[in-house]
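Got a predicted structure here, sequence first:
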Amino acid sequence: MLSPTTDPFLSQFMVRFFFVFGIIGLAVGVGLVLDHVRMHRMFGIVNHWVSMRHSTKWLAIPRDTSAVVARNRHLIGGIFILVAAYSTLVLMTQVDVARIATMLRIDAPRSLVVLIIASARWCLVAGGIVAIAVGVMLIFFPSALSAIESRANRWYSFRQQAPNVDTMHMDFDRWTESHPRFTGWILAGGALVVTVAFGTQLFAHG
């Protein structure tokens, strides 16, 4: 499904990526086998735990904009109606599904591509109709819209549902410290296979 220009570039990138990280894995494995004390000391220097929980807290705070919307409901409702009506009209009258499918040149059955594009188009049309209805209700029936929103609006916080996601799990690190040479041999062997396999592809193509 990739274009003829993108496919070779992506393939060469993946080959180089696995080749480089295969060399890194091989070096780490050999280091664990030969001098695991120094390798663990280096792990302690380069390993840093970066927590996104504190820096993304503002994303999990609900913000109520109902007061602003209520003060400007005629303006916001009018914008909803105009923009949604224009986009819906364009989607229904000026979008040629077959032409878009031809322009995309996706390596898939044409009937499937047309079906996907047509489905996306009608989903957008349905969304536009809903937006028009919301705009009309916002202008003429704000109480009814508020009643619907009070039942439909629910705040879901991933932070509350998964509080332990940000917890460090060091079981594998401790196991590696207990069996450094065994881990090193496994890592070096696997990395050697990866390095040889992708190195052969890399240098075979120049």
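Good, I have the coordinates. Residues are numbered from 1 along each chain as shown.

What are the buried residues along the helix of greatest length in the chain?
Assignment by DSSP state H gives helix 110-140 as the longest helix of the chain. Across helix 110-140, burial judged by 16 or more other C-beta atoms under 10 Å covers 113, 117, 124-125, 128, 131-132, 134-135, 137-139. (C-beta placed from N, C-alpha, C; glycine too.)

What are the buried residues along stretch 32-42?
Taking 16+ other C-beta under 10 Å as the criterion, stretch 32-42 shows 32-33, 36, 39 as buried.

With distance to Trp155 and secondary structure as extra columns, can I get these in TSV?
Shown next, in TSV, are the buried residues of stretch 32-42 (distance: C-beta to C-beta, whole Å; DSSP: H, G, I helix; E, B strand; the rest coil):
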residue	distance to Trp155	secondary structure
Leu32	47	helix
Val33	52	helix
His36	49	helix
Met39	47	helix
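
and stretch 41-48, which residues are buried?
Buried, per 16+ other C-beta under 10 Å, within stretch 41-48: Phe43.

Give the other helices and strands that the longest helix of the chain contacts.
Packing contacts for helix 110-140, counted by 3 or more C-beta pairs under 8 Å, 6 or more residues apart in numbering; DSSP states H and E, involve helix 73-93, helix 97-104, helix 142-152.

Need those helices in TSV (columns: mean pLDDT and distance to Gly190).
Output for the helices and strands packed on helix 110-140, formatted as TSV (pLDDT from 0 to 100; distance: least, C-beta to C-beta, whole Å):
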stretch	mean pLDDT	distance to Gly190
helix 73-93	94	51
helix 97-104	87	39
helix 142-152	85	51
